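Engineer: heads up, no residue letters with this:
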């Protein structure tokens with residue numbers, strides 16, 4: 001890599017900043033070139049969070065995705081610089097920039113997004129609670145749970161207990177942590193004492209990018225059956241509105257014809273108007289009256 005030339009007339013802080021980030025500002029670093037090449041080669045990618053993911057677990061994830069997807073991590077500043085330098089070629093990439101924050105990376109793929117996401121979920125590993133960590137999911141203790149020691153932690157957490165056969169027994173279900181709570185020292189000690197590893201850590205899909213469109217990962221859970229049901233609900237609502245305002249549409253015309261025919265039959269039954277369908281209705285009504293009288 002060529003050394004970055006710095007103008008000595010710059011203030012010291014500016015010179016240090018240029019030396020530190022110059023390799024990315026020039027847009028010629030191997031990392032920037034690699035990221036830009038991946039953005040060209042793959043139409044789809046995930047922005048994934050990598051909090052609490054160790055190097056060994058990351059290696060396992062890369063191995064499981066081999067031939068299916070490519071994982072690329074890096075500094076957020078370098079990611080943004082590489083993407084901004086590639087906007088002239090692909091302006092849609094600008095939608096990625098607001099979501100590059102925190103400890104994140106990219107998972108590029110040409111395959112099915114749901115299958116790749118499932119592989120990421122499969123590579124999550126269980127981990128014990130550590131003091132100071134943020135709970136990614138709620139944690140609860142269900143009854144019966146017996147503890148041979150740990151009185152101080154139980155008192156600190158105000159857990160209802162009783163003494164049974166020389167052990168402390170929790171008598172009610174207890175919610176220790178909520179999602180997003182900070183794990184306290186007593187929480188971590190109690191859970192580790194019970195050999196409970198409540199958390200699963202892995203690459204978490206935060207956003208999905210597909211051919212210029214970016215959306216939430218929950219969209220991947222929508223099935224064709226869900227789309228069909230929503231479409232039918234929309235058609236039914238459209239038909240109801242059109243019927244109420246007497247506006248004919250493809251959705252409402254069949255109902256309008258049926259309702260009009262029913263009105264015509266009612267009118268024929270109450271008057272001397274006669275036609276084939278009306279005779280059938282009149283005969284049925286006469287038979288029904290005779291049956292009621294009998």
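Structural biologist: Thanks, I have it. Quick caveat: nothing in here was measured; it's all calculated off a predicted structure.
Engineer: ok, residue 123 to residue 109 distance?
Structural biologist: Look at residue 123 and residue 109: by CB to CB, to the nearest Å, they are 15 Å apart. Where you see a C-beta, it was placed from the backbone N, CA and C, and this is true even at glycine.
Engineer: likewise for residue 131?
Structural biologist: Distance from residue 131 to residue 109, by CB to CB: 37 Å.
Engineer: between the two, who's got more neighbours?
Structural biologist: More crowded of residue 131 and residue 109, by other CB atoms under 10 Å: residue 109, with 19 against 13.
Engineer: dump the residue contacts of the more buried one.
Structural biologist: Contacts for residue 109 (CB atoms under 8 Å, 6 or more residues apart in numbering) come out as 42, 44-46, 68-70, 116.
Engineer: hang on, residue 46 packs against residue 116?
Structural biologist: Yes. Assessed by CB atoms under 8 Å, residue 46 is found in contact with residue 116 at 7.2 Å.
Engineer: tell me, what's touching these two both at once?
Structural biologist: With CB under 8 Å, 6+ apart as the test, residue 46 and residue 116 both reach 107, 109.
Engineer: these two: which is more packed in?
Structural biologist: Shown here are residue 46 and residue 116; by other CB under 10 Å, residue 46 has more neighbours (27 against 22).
Engineer: now stretch 275-285: buried residues?
Structural biologist: residue 278 (16 or more other CB atoms under 10 Å).
Engineer: quick one: mean pLDDT for that stretch?
Structural biologist: Taken as a whole, stretch 275-285 has a mean pLDDT of 74.
Engineer: distance between it and the chain's centre?
Structural biologist: 59 Å (CA atoms, centre = their mean, to the nearest Å).
Engineer: run through who's touching that stretch.
Structural biologist: With CB under 8 Å, 6+ apart, stretch 275-285 has contacts from 261, 264-265, 268-269.
Engineer: filter those residues down to the buried ones.
Structural biologist: By 16+ other CB under 10 Å, those give 265, 268 as buried.
Engineer: which ones among the contacts of stretch 275-285 map onto strands?
Structural biologist: Using DSSP state E, the subset of the contacts of stretch 275-285 located in strands is empty.
Engineer: which of the contacts of stretch 275-285 sit farthest apart?
Structural biologist: The distance between the two most remote of the contacts of stretch 275-285 (CB to CB) is 12.6 Å, for 261 and 269.
Engineer: show me the domain layout of this structure.
Structural biologist: 12-124+202-221, 139-201, 225-293 (automatic domain parsing).
Engineer: start and end of the shortest one, how far apart?
Structural biologist: What that stands for is domain 139-201. One end of domain 139-201 sits 15 Å from the other (CA to CA, to the nearest Å).
Engineer: do stretch 133-141 as well
Structural biologist: For stretch 133-141, the first and last residues are 19 Å from each other (CA to CA).
Engineer: using ChimeraX, define a selection of the buried residues within the contacts of residue 109.
Structural biologist: In ChimeraX, a selection of the buried entries from the contacts of residue 109 looks like this (16+ other CB under 10 Å):
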select :42,44,45,46,69,70,116
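Engineer: any idea which of the contacts of residue 109 is closest to residue 191?
Structural biologist: Closest approach between the contacts of residue 109 and residue 191, by CB to CB: residue 46, at 30.5 Å.
Engineer: list the buried residues of stretch 76-89.
Structural biologist: Residues of stretch 76-89 classed as buried by neighbour count (16+ other CB under 10 Å): 78-79, 81-83, 85-86.
Engineer: would you turn these into CSV with secondary structure?
Structural biologist: Below are these laid out as CSV (DSSP: H, G, I helix; E, B strand; the rest coil):
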residue, secondary structure
78, helix
79, helix
81, helix
82, helix
83, helix
85, coil
86, coil
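Engineer: how many neighbours does residue 209 have?
Structural biologist: As a measure of burial, residue 209 has 23 neighbours, counting by other CB under 10 Å.
Engineer: pretty sure it contacts residue 39?
Structural biologist: No. In this structure residue 209 lies outside contact range of residue 39 using CB under 8 Å: 9.3 Å.
Engineer: which residues does residue 48 bridge with?
Structural biologist: Legend: beta-bridge partners of residue 48 under DSSP bridges are residue 105, residue 205.
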